[in-house]
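# need a 3D model of the following:
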Amino acid sequence: MDLKEIITESAEKSLENETHFLVEVVVSKHKPWKFTVIVDGDQGITIDDCAKLSRAINESLEELVSDPYTMEVSTPGLDHPLKLKRQYNKNIGRGLKVLRKDKRVIHGLLKEVVEEKIIVETESGQGKKIELESIDIPFVEIEKTFVTVSFK
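Down below sits the predicted model:
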């Protein structure tokens, strides 16, 4: 088992709250090691939850990693794309920027998440002639999706 698998297993075991979940584990390719663990929660996750998880993972690595390393446990920021269907569910009602595999970009409001697709409501037209359109986007056609922030 490699370091990424060990950290992933330790993190999943340590996430005792069913509303918290592991998004991604990144292990640097070169020493000094840097381990980045991205976690999220259906209703968010606190800094205390991240600290507790960091301690648990560090304990599991004590005997396995003798070289110095840095551990970072955090939540995904706005610059981190959505990776799991569970993250899409959490962001229903928020703005999205969807980069499709065919290189088209769709901006809109996430209305619904169903089995194999998301439904995004987009605006077209200008002024008083704005029309709303629902677009179905299958997960297999999505390259990356980012949550957007509106300052309107």
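# which pLDDT value goes with residue 152?
At residue 152, the predicted lDDT confidence score is 66.
# how's the protein carved up into domains?
What automatic domain parsing lists as the domains of the chain is 3-74, 85-148.
# so how far is the helix or strand where residue 55 lies off the chain centroid?
Here residue 55, judged by DSSP states H and E, is contained in helix 47-61. Taking CA atoms, centre = their mean, to the nearest Å, one finds the center of helix 47-61 at 19 Å from the center of the full chain.
# list the buried residues of it.
Buried residues in helix 47-61, defined by neighbour count with 16 or more other CB atoms under 10 Å: 49, 50, 52, 53, 54, 56, 57, 60, 61. C-beta here means a position set from N, CA and C on the backbone, and glycine is covered the same way.
# using JSON lines, lay out these together with pLDDT and distance to residue 137.
JSON lines is the format used below for those (pLDDT from 0 to 100; distance: CB to CB, whole Å):
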{"residue": "49", "pLDDT": "92", "distance to residue 137": "31"}
{"residue": "50", "pLDDT": "94", "distance to residue 137": "31"}
{"residue": "52", "pLDDT": "93", "distance to residue 137": "36"}
{"residue": "53", "pLDDT": "95", "distance to residue 137": "32"}
{"residue": "54", "pLDDT": "96", "distance to residue 137": "35"}
{"residue": "56", "pLDDT": "94", "distance to residue 137": "37"}
{"residue": "57", "pLDDT": "95", "distance to residue 137": "35"}
{"residue": "60", "pLDDT": "90", "distance to residue 137": "38"}
{"residue": "61", "pLDDT": "91", "distance to residue 137": "39"}
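# distance to residue 122 added to those, as JSON lines?
Converted to JSON lines, the buried residues of helix 47-61 look like this (distance: CB to CB, whole Å):
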{"residue": "49", "distance to residue 122": "35"}
{"residue": "50", "distance to residue 122": "35"}
{"residue": "52", "distance to residue 122": "40"}
{"residue": "53", "distance to residue 122": "37"}
{"residue": "54", "distance to residue 122": "40"}
{"residue": "56", "distance to residue 122": "42"}
{"residue": "57", "distance to residue 122": "41"}
{"residue": "60", "distance to residue 122": "45"}
{"residue": "61", "distance to residue 122": "45"}
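# nearest to residue 41, of those residues?
Minimum distance to residue 41 across the buried residues of helix 47-61 is 7.4 Å, recorded for residue 49 (CB to CB).
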